[in-house]
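**Student:** missing the sequence, but the structure's below:
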């Protein structure tokens, strides 16, 4: 992750160097007030690599930047857009940096159309659209605070781009930030108290991986985090905390996604929803959810390993083929520990499925391998610990390719049941 941020800095430096090819004047610092009374006058006078430094005060302007390589620095400066347009518009030029402003009452806070842009350490309030809008490649959005904006951030980039979104804080957004195109590093952001979700991220880079790490998303009415991979490169979703959300916690709807060591608490619907093939879910903690814990809703070849799930619905519901479900703990769920609704050639191995409100394992798949699992005390100790219509019989615990590999531990009605038998 740090390497990719460094690479982004290198890419922006290369763009700036390209802009400076040929004879140029030395960089200057232009002051407002001082050299000019308005920010627009100073920006119009600036050349590539110049700094426009804006002092304390409120400026009723809609600033348009049309020179590449300019830096705008606010020092106690407030730009009031009066809902007449963006507070700051970068109009199709590259390597512009905007830092240190308070931007209020804009149709957007910043609209940056160009490559290599940097928007950092600003406060954007009450934007009628995006707090920060980027249309371009290799941007960095860092350390901003976005308050009561319709949408905190939008990024639209090409499949070759690598965008960094780090250390931002969004409060009371109406909808999720939408990041589309290329690769993304979305790191250590916080989103709180919104009527929508936190992030919807669609990656499309052919080679560079994406990372969604260390973010905190809480008190949201919608789905907290949606990750879709449309390119060949992998996406790692790790060490995020999601708490008190009105819909799903984490929704994965693209290929090549690994979700690891996330903590998802109090999601009203499904805590972790996967709608794709080849997803890897490992080391996640799901607790106190109102619906399903993990829902594998489509696809083949998922790997579900070392997760811990306790929720009101099924711990794990599966519509999948060729899944590996290994060494998980599905305990204290309101319904089944594992509910294999349909699918073939799935492996359930080494899982603990105990003290659930219904069955420990409900197998309705075909050619399911169920080995080395523990399922005890389900349905308040009086119902079946394993059930279902899979493998041609009710509750069959099937050997894999004719060889019984390990002993499962099940009880029903207080009696230990040999794992080779069908259990009603």
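**Tutor:** Perfect, thanks for sending it. Predicted model, so just to flag it, every value in this text is computed and none were measured.

**Student:** which ones are touching the spatially closest residue to residue 153 that is not a sequence neighbour?
**Tutor:** The shortest distance from residue 153 to any non-neighbouring residue, by C-beta to C-beta, 6 or more residues apart in numbering, is to residue 177 (4.1 Å). C-beta coordinates here come from the backbone N, C-alpha and C atoms, glycine included. Taking C-beta atoms under 8 Å, 6 or more residues apart in numbering, we find residue 177 in contact with 151, 152, 153, 154, 165, 170, 191, 198, 199, 200.

**Student:** Scan those and report the most crowded one.
**Tutor:** residue 152 (35 neighbours; other C-beta atoms under 10 Å).

**Student:** following the helix or strand harbouring that one, which helix or strand comes up?
**Tutor:** If you go by DSSP states H and E, residue 152 is part of strand 151-156. Where DSSP H and E defines the elements, the next helix or strand beyond strand 151-156 is strand 162-166.

**Student:** Give me the angle between that following strand and strand 151-156.
**Tutor:** 170 degrees (axes from the mean of the first three to the mean of the last three C-alpha atoms, to 10 degrees).

**Student:** Contacts for strand 162-166 next, please.
**Tutor:** For strand 162-166, using C-beta under 8 Å, 6+ apart, the contacting residues are 4-5, 7-8, 11, 134, 137-143, 153, 155, 157, 177, 179, 181-189, 205, 208.

**Student:** cool, stretch 33-45 as well?
**Tutor:** The contact list for stretch 33-45, computed with C-beta under 8 Å, 6+ apart, reads 30-32, 52, 54-55, 57, 59, 61, 63-65, 67, 70, 72, 77, 79.

**Student:** out of those, which are buried?
**Tutor:** Among the contacts of stretch 33-45, the ones that count as buried by 16 or more other C-beta atoms under 10 Å are 30, 32, 52, 54, 59, 61, 63, 65, 67, 70, 72, 77, 79.

**Student:** Redo these as a markdown table? Include secondary structure.
**Tutor:** Listed next are the buried ones among the contacts of stretch 33-45 as a markdown table, based on DSSP: H, G, I helix; E, B strand; the rest coil:
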| residue | secondary structure |
| --- | --- |
| 30 | strand |
| 32 | strand |
| 52 | strand |
| 54 | strand |
| 59 | strand |
| 61 | coil |
| 63 | strand |
| 65 | strand |
| 67 | coil |
| 70 | coil |
| 72 | strand |
| 77 | strand |
| 79 | strand |
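
**Student:** Adding pLDDT and distance to residue 303, write those residues out as a markdown table.
**Tutor:** As requested, the buried ones among the contacts of stretch 33-45 are exported to a markdown table (pLDDT from 0 to 100; distance: C-beta to C-beta, whole Å):
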| residue | pLDDT | distance to residue 303 |
| --- | --- | --- |
| 30 | 98 | 57 |
| 32 | 98 | 57 |
| 52 | 98 | 52 |
| 54 | 98 | 52 |
| 59 | 98 | 55 |
| 61 | 98 | 54 |
| 63 | 98 | 50 |
| 65 | 98 | 48 |
| 67 | 98 | 51 |
| 70 | 98 | 49 |
| 72 | 98 | 47 |
| 77 | 98 | 51 |
| 79 | 98 | 50 |
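
**Student:** Let me know the closest of those to residue 127.
**Tutor:** Using C-beta to C-beta, residue 79 is the member of the buried ones among the contacts of stretch 33-45 that lies nearest residue 127, at 11.8 Å.

**Student:** Number of residues surrounding the nearest residue to that closest one once chain neighbours are set aside?
**Tutor:** Excluding the flanking residues, the one nearest residue 79 by C-beta to C-beta, 6+ apart is residue 87, at 4.4 Å. Residues within reach of residue 87, counting by other C-beta under 10 Å, total 31.

**Student:** and residue 87, what are its phi and psi?
**Tutor:** In terms of degrees, to the nearest 10, the main-chain angles of residue 87 are phi -60, psi -40.

**Student:** repeat for residue 328
**Tutor:** Dihedral angles for residue 328 - degrees, to the nearest 10 - are phi -90, psi 170.

**Student:** In this structure it contacts residue 310, no?
**Tutor:** No: here residue 328 does not reach residue 310: they are 11.6 Å apart, not a contact under C-beta atoms under 8 Å.

**Student:** got any residues that touch both of these two?
**Tutor:** Common neighbours of residue 328 and residue 310 (C-beta under 8 Å, 6+ apart) do not exist.

**Student:** Counting neighbours around each, name which of those two comes out higher.
**Tutor:** Neighbour totals were compared for residue 328 and residue 310, and residue 328 leads with 29 against 20 (other C-beta under 10 Å).

**Student:** residues in contact with the residue nearest to residue 173 when sequence neighbours are not counted?
**Tutor:** Spatial nearest neighbour of residue 173, excluding adjacent residues (C-beta to C-beta, 6+ apart): residue 194 at 4.1 Å. The neighbours of residue 194, taking C-beta under 8 Å, 6+ apart as the test, are 170, 171, 172, 173, 174, 175, 176, 219, 220, 221, 222.

**Student:** In three-state terms, label the last one for me.
**Tutor:** Right, the one you point to is residue 222. Relying on three-state DSSP, one would call residue 222 coil.

**Student:** how close does it sit to residue 241?
**Tutor:** For residue 222, the distance to residue 241 equals 17 Å [C-beta to C-beta, to the nearest Å].

**Student:** Counting neighbours, go ahead and name the busier of the two.
**Tutor:** residue 222 (19 against 16).

**Student:** Ramachandran coordinates for residue 40?
**Tutor:** phi -60, psi -40.

**Student:** what's the neighbour count on it?
**Tutor:** 17.

**Student:** On the pLDDT front, check it for me.
**Tutor:** With respect to pLDDT, residue 40 scores 98.

**Student:** same thing with residue 415?
**Tutor:** So, for residue 415, pLDDT stands at 36.

**Student:** List the residues that contact the residue nearest to residue 79.
**Tutor:** Residue 87 neighbours (C-beta under 8 Å, 6+ apart): 61-63, 79-81, 101, 103-106, 108-110, 124.

**Student:** Sitting in strands, which of the residues you listed do you find?
**Tutor:** 63, 79, 80, 103, 104, 110, 124 (DSSP state E).

**Student:** picking that back up, so the residue nearest to residue 173 belongs to a helix, correct?
**Tutor:** No: going by three-state DSSP, the assignment for residue 194 is coil, not a helix.

**Student:** What separation do you get for it and residue 40?
**Tutor:** 33 Å.

**Student:** and if you look at residue 232?
**Tutor:** Taking C-beta to C-beta, one finds residue 232 at 44 Å from residue 40.

**Student:** what's the answer for residue 317, then?
**Tutor:** From residue 317 to residue 40 the distance is 57 Å (C-beta to C-beta).
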